[in-house]
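[1] sequence-free structure coming up:
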């Protein structure tokens, strides 16, 4: 496996954070602002002990300078790749979003619906940007062996397009995935299969923010996976847990306390948890710190594995060889004997989301669930097929952050775990081994 760390450049004078006052930057060659340099330094410190094999960059100076700062502690020369350059916005370059919306109202609305279907006047389309960015990435991958870690520094539009293309997301997900300045997003590439897994999205904890900032009045959901149990990978032989009511082990309890430290200053209005004790134990310290009472939520209950429950992978493969193979290759087609299917899980999650969005407008809510439940929810909000659950990683005690925006959802971060590790240590990006479908 080759790990790819996608990094957006630091701030420039044209990164205002307010869309109405934001400008189409694209290939306008802007330098980093003072705060952009600070963001790049913080990102370099986050990655200082990660064994980077190479640092690739867009040729534009805001990305190149960010890359140089990140590469310096590793004594690496940055390698520019023209395919990682920002979008050519043609006649829109340098204009405010509001100016473009006024001068090209129909085209702007079409671009906001599906940027891959629009060619910018005098510029390029997001579809052509995606093609050149994917080609650039594959060129970089061809130069490295298995177990390498590569850093690629680029731009918001490029990274969004790459994530959509490589993680198998639909075009509409372009607007759903968040890409903050100097964030880290993680892709894991398996050369043998040619597949990419999305192992993390929009991690910004090294920038001094607990969670990405939000605007708007839709409900905000902080989705947690429970802490470690004796049946989780890392504690021993992993088993199909499902409805088995396991307690947290010592590591899981420590993870729950660390989650509390990470989130105790967030404006959290309510906490919901799966009724199983491993999720209730995970949110108990946070609920105590915030003086909230966690509410049991059946929609978050782990998948019912039926006859698979309690089995190890090898035991399941021996007892149900064909069904186990199908679970690894086409999980959406599996209904566990005397248990549930992923479609069953998705149906109850959709109902839960509607109820929580209606009950908590403009509020922040914590949900505590399980690996497979959280994966299905991520697939649902990203708009991808349930057969892709293996391509989305969910570590124990990880944080995911979503926001309802009108009738759609925004994915603000996925599988963020930096609270579990000491700053500057390589494990903050998780080891490159031990990957693959997990139960």
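    That came through, no problem. It should be emphasised that the depicted structure is a prediction, and the values quoted were computed from it without experimental measurement. Residues are numbered from 1 along each chain as shown.
[2] I'd say residue 271 and residue 360 touch.
    No - applying CB atoms under 8 Å, one finds residue 271 not in contact with residue 360, separated by 11.2 Å. All C-beta spots, glycine's among them, are computed from the backbone N, C-alpha and C.
[3] pull up the overlap in contacts between these two.
    Shared contacts of residue 271 and residue 360, defined by CB atoms under 8 Å, 6 or more residues apart in numbering, are absent.
[4] these two - which one has more neighbours?
    Neighbour count, other CB atoms under 10 Å: between residue 271 and residue 360, residue 271 has more, with 22 against 18.
[5] against residue 316, how distant is residue 324?
    Counting by CB to CB, to the nearest Å, the gap from residue 324 to residue 316 is 5 Å.
[6] quick one: which of these two has more around it?
    Taking other CB under 10 Å, residue 324 and residue 316 do not tie; residue 316 has more neighbours (22 against 19).
[7] and the more buried one, what's its pLDDT?
    On pLDDT, residue 316 comes in at 95.
[8] quick one: which helix or strand includes it?
    Taking DSSP states H and E as the criterion, residue 316 maps to helix 313-319.
[9] list the buried residues of that helix.
    Neighbour-count burial for helix 313-319, counted by 16 or more other CB atoms under 10 Å, picks out 313, 316.
[10] quick one: low-confidence parts of this protein?
    Along the chain, the model assigns pLDDT under 70 to residues 16-21, 234-236, 422-439.
[11] ok, which stretches of it are strands?
    When secondary structure is read from DSSP state E, the chain shows strands at 2-8, 54-57, 79-80, 149-154, 184-190, 195-203, 220-225, 268-273, 295-296, 364-369, 399-405, 408-416.
[12] with distance to residue 339 added, can I get those in TSV?
    Shown next, in TSV, are the strands of the chain (distance: least, CB to CB, whole Å):
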stretch	distance to residue 339
strand 2-8	34
strand 54-57	45
strand 79-80	50
strand 149-154	38
strand 184-190	29
strand 195-203	25
strand 220-225	20
strand 268-273	21
strand 295-296	21
strand 364-369	17
strand 399-405	25
strand 408-416	25
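[13] next one: stretch 111-118 to chain centre, how far?
    Offset of stretch 111-118 from its chain centre (CA atoms, centre = their mean, to the nearest Å): 22 Å.
[14] and the contacts of it?
    Here stretch 111-118 has contacts from 107, 110, 120, 125, 126, 127, 130, 171, 172, 174, 175, using CB under 8 Å, 6+ apart.
[15] what's the neighbour count on the second one?
    Residue 110 has 13 neighbouring residues, counting by other CB under 10 Å.
[16] who's in contact with it?
    Counting by CB under 8 Å, 6+ apart, residue 110 makes contact with 117, 118.
[17] please redo it, this time with the cut-off set to 10 Å
    Applying CB atoms under 10 Å, 6 or more residues apart in numbering to residue 110 gives the contacts 104, 117, 118.
[18] now swap in the fourth one and tell me
    Under the criterion of CB under 10 Å, 6+ apart, the contact partners of residue 125 comprise 87, 88, 111, 115, 116, 117, 118, 119, 131.
[19] looking at the residues you listed, spot the one nearest residue 182.
    Lowest distance from residue 182 to the contacts of residue 125 (CB to CB) belongs to residue 87, with 18.8 Å.
[20] for the closest one, give me its contacts.
    With contacts defined as CB under 10 Å, 6+ apart, residue 87 is in contact with 24-27, 93, 115, 120, 123-126, 128-129, 133, 155-158, 160-161.
[21] still on that earlier bit, using JSON lines, lay out the contacts of residue 110 together with distance to residue 207 and neighbour count.
    As requested, these are exported to JSON lines (distance: CB to CB, whole Å; neighbours: other CB atoms under 10 Å):
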{"residue": "104", "distance to residue 207": "34", "neighbour count": "18"}
{"residue": "117", "distance to residue 207": "33", "neighbour count": "12"}
{"residue": "118", "distance to residue 207": "32", "neighbour count": "19"}
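[22] can you lay out these as CSV showing distance to residue 60?
    Compiled in CSV, these are given as follows (distance: CB to CB, whole Å):
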residue, distance to residue 60
104, 24
117, 25
118, 22
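[23] from those residues, which single one is nearest residue 47?
    residue 118 (34.9 Å).
[24] domain-wise, how is the chain divided?
    What automatic domain parsing lists as the domains of the chain is 2-206, 214-429.
[25] ok, the closest residue to residue 345 other than its chain neighbours to residue 74 distance?
    Closest residue to residue 345 in three dimensions, ignoring its sequence neighbours and counting by CB to CB, 6 or more residues apart in numbering: residue 376, at 4.8 Å. Here residue 376 is placed at a distance of 38 Å from residue 74 (CB to CB).
[26] and what of residue 279?
    Using CB to CB, one obtains 39 Å as the distance from residue 279 to residue 74.
[27] in terms of neighbours, single out the busier of these two.
    Set side by side, residue 279 and residue 74 show more neighbours around residue 279, with 29 against 18, by other CB under 10 Å.
[28] wait, that one sits on residue 295?
    No - using CB atoms under 10 Å as the test, residue 279 is too far from residue 295 to be in contact (11.8 Å).
[29] find the nearest non-adjacent residue to residue 207, please.
    Closest residue to residue 207 in three dimensions, ignoring its sequence neighbours and counting by CB to CB, 6+ apart: residue 42, at 5.6 Å.
[30] does that neighbour touch residue 208 like I think?
    Yes - using CB under 10 Å, residue 42 is in contact with residue 208, at 7.5 Å.
[31] more neighbours, the two?
    More crowded of residue 42 and residue 208, by other CB under 10 Å: residue 42, with 19 against 9.
[32] what's near enough to touch that one?
    Under the criterion of CB under 10 Å, 6+ apart, the contact list for residue 42 reads 10, 69, 182, 204, 205, 206, 207, 208, 423.
[33] mind listing the helices for the stretch 51-200 of the chain?
    Here the stretch 51-200 of the chain has its helices, by DSSP state H, counting those that start in this stretch, at 61-71, 97-103, 105-113, 126-142, 156-166.
[34] would you turn those helices into JSON lines with distance to residue 312?
    JSON lines is the format used below for the helices of the stretch 51-200 of the chain (distance: least, CB to CB, whole Å):
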{"stretch": "helix 61-71", "distance to residue 312": "41"}
{"stretch": "helix 97-103", "distance to residue 312": "53"}
{"stretch": "helix 105-113", "distance to residue 312": "47"}
{"stretch": "helix 126-142", "distance to residue 312": "34"}
{"stretch": "helix 156-166", "distance to residue 312": "31"}
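[35] for the closest residue to residue 64 other than its chain neighbours, give the beta-bridge partners.
    Excluding its sequence neighbours, the residue lying closest to residue 64 (CB to CB, 6+ apart) is residue 57, at 5.1 Å. Beta-bridge pairing of residue 57 under DSSP bridges involves residue 80, residue 153.
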